[in-house]
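# pasting the sequence and the predicted model now:
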Amino acid sequence: MGRSGVPAWRRWLPGLAQVAPSSPGAWRADALAGFSVAIVMIPSVLAYAELVGLAPSVGLYAAIGSMVVYAFLTQSRRVIVGPDTTVALLAAAVIAPLAAGDATRVAALAATLAIMSGVVLLAAARLGLGQVADVLARPVLVGYANGAAFVLIASQLSALLGVPLPRDGFVLRMIDSAAALPRAHTPTLLLGLALIAMLLALRAWLPRAPAALAACLVAAAAMAAFDLRGDGVATLRAIDAGLPAPSLPDVTFSDVRSLAAGSLALAFLVFAEGVLLARTLAERHRESVDPAVELRALGAANVAAGIVGGFNVGASGSRSITADAAGGRTQGTQLVALAVLVAFTLYAAPILVYLPRVALAAILIVAAINLLDIAGTRALHRMERHAFWLANLVTVGVLVLGVLPGMLIGVALAFAEVLVEVARPRDAVLRRSPGDGRFHDLDDDLPGTSPPGVVVYRLYAPLVFANARHVADRLRTLAGTADPPARLVVLDLQAVWEIDVTAAQVLADLHDELELGGVDLRFARANRPLREQMVRMLDGHGASHERFFPSASAAVDDFLAQDNPAASRPRQDTGSGATVDE
């Protein structure tokens, strides 16, 4: 029994805790939802394995290995884990340059990359870095999704046309595809276009139908009915029934070092997308998820996928939404889907030899179309233009430079944007409202004044090295241009929650400079932790003595009372002995 009174196994295995007390009704709902998830999942995991450059069966292994671990460790009731579009595409981008077309190398590197990114996630969970989910800002995710969608479509054009395309990269692949159109393999192209049209039609008119499974069945039937294999339509390689034995991949230290950057990028992507999906589904049902628990579950799932010879996995939006729509209530849904996948792998995998490769290409192309986040892009354009342009820059980066560099550029740009916001923060000169006599950040068209020679300034950011000199320059300018000349400057710290050593020194220097000019510098509305921090940093300096006031009004009234007691304005009591500003 843990300190909180909850058994330790329930804290460490929250997914199992969901399933253990399930009622018969819940199990029936989970069983039906699990069959629905498995039907959707089987064709897609085969396609994602092909995308990474692996045998289709490896997609089944990655799904099975990750699901058996994630189902027990996750706190989410409806998230389904497994191979997914954006994760597989990024993994392929990391592996392809290192494998140089060697299938054995691809398999070893893919498994190693999954294990490494899983270890990164587990280490982050151990260090309590649940906030790592916020590293990929919304514009970065939207831009990456759009760029990845176009790259994914380009990557499948060779299979769709039925001819090899020699060059990699989005731009070169599109040029080669246009040049290859006259020599495209007609039966392959026609079958692929028909399957794409079918998948899009099912998505539009029967969104809950297992479209990918239907496409595979139609493709296999067409192969038999029209003898398309005899016409040269390529099919999947033969797959032996059975499950792989857990093992570690055969790689060198040099391989591990080459995969390091990619494993970090995949860890960020897997966790950011996973937590976003888990939160969305949890909020829909008024539930909650702990990002730290999801961090551990996703990390363990990737390690398990790698140990069984698979590749990177993530939280699947399409399968999770399918589980939710089908009535799934707990991780029992994932366990049922897992059982179906195991049964398929053991007994039915050999029939995949009758499936044309172009069917998987069609599934991936439609998945890419679904991945395009047009609504999200429009929302960014409507809400904040610079976020819209950041998303577009990430998209262009993915298309021109590649999937991994494009995403890393997006992360760097997001951090740069935050740094710029901190370095040049929003601020305001407060004025006293005639209605309540307090200092407010008033709109320009609202009446308000300040006593002569008084400047009240508010900063909307932490006071740190990046903006300290900018803030000091703003205060100097405001004090120097005041009419009549400023005799009091009040720095309102209501929106400041942090100050560093550099900023404290800048404030001390500013205090001395203003004092020499006959200007009094005071601080207002600093919260207690900030006030104690500033007093400690400014210890021994004049700026630390009797400079802190509960409000800007209190600071101004105290100054006026000392300057001219007869003309001082009486304070308004708010119940705590000081006027509170807004």
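Yep, it's here. Numbering: from 1, shown residues only.
# so the residue positioned nearest the centre of the chain is in which element?
Taking C-alpha atoms, centre = their mean as the criterion, A272 is the residue nearest the geometric centre of the chain, at 3.0 Å. Using DSSP states H and E, A272 sits in helix 253-284.
# what about that helix, average pLDDT?
Throughout helix 253-284, pLDDT has a mean value of 89.
# for that helix, buried residues please.
Using 16 or more other C-beta atoms under 10 Å as the test for burial, helix 253-284 gives 255, 258-259, 262-263, 265-282. In short, each C-beta sits where N, CA and C put it, glycine included.
# now stretch 376-386
In terms of neighbour count (16+ other C-beta under 10 Å), stretch 376-386 has its buried residues at 376-377, 380.
# dump those residues into a markdown table; add pLDDT, distance to L73 and secondary structure as well.
A markdown table is the format used below for those (pLDDT from 0 to 100; distance: C-beta to C-beta, whole Å; DSSP: H, G, I helix; E, B strand; the rest coil):
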| residue | pLDDT | distance to L73 | secondary structure |
| --- | --- | --- | --- |
| G376 | 90 | 30 | helix |
| T377 | 92 | 34 | helix |
| L380 | 91 | 34 | helix |
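# got CSV for the residues you listed, with distance to V358 too?
Output for the buried residues of stretch 376-386, formatted as CSV (distance: C-beta to C-beta, whole Å):
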residue, distance to V358
G376, 30
T377, 30
L380, 35
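# confidence score at D30?
So D30 comes in at 86 (pLDDT).
# thinking it is in contact with L338, fair?
No - contact between D30 and L338 fails when scored by C-beta atoms under 8 Å: they sit 11.7 Å apart.
# tell me the phi and psi of F439?
Dihedral angles of F439 (phi, psi; degrees, to the nearest 10) stand at phi -90, psi 130.
# what residues are up against it?
For F439, the contact set (C-beta atoms under 8 Å, 6 or more residues apart in numbering) comprises 430-433, 450, 456, 492, 551-553, 556, 581.
# most neighbours among those residues, which one is it?
Among those, A552 has the most neighbours (other C-beta atoms under 10 Å), with 31 neighbours.
# touching, that one and D492? I think so.
Yes - contact criterion C-beta under 8 Å: A552 and D492 qualify, at 5.1 Å.
# what sits in contact with each of these two?
Common neighbours of A552 and D492 (C-beta under 8 Å, 6+ apart) are 430, 439, 456, 524-525, 581.
# any idea how far S155 lies from I365?
For S155, the distance to I365 equals 9 Å [C-beta to C-beta, to the nearest Å].
# ok, the two, which is more surrounded?
The neighbour comparison of S155 against I365 (other C-beta under 10 Å) goes to I365, with 27 against 24.
# neighbours of the nearest residue to Q334 once chain neighbours are set aside, how many?
Residue nearest to Q334 in three dimensions, not counting chain neighbours: A71, with 4.3 Å by C-beta to C-beta, 6 or more residues apart in numbering. A71 has 27 neighbouring residues, counting by other C-beta under 10 Å.
# can you show me the strands along this protein?
Along the chain, the segments classed as strands by DSSP state E run 80-82, 314-316, 427-429, 431-432, 439-440, 454-459, 488-492, 520-524, 548-549.
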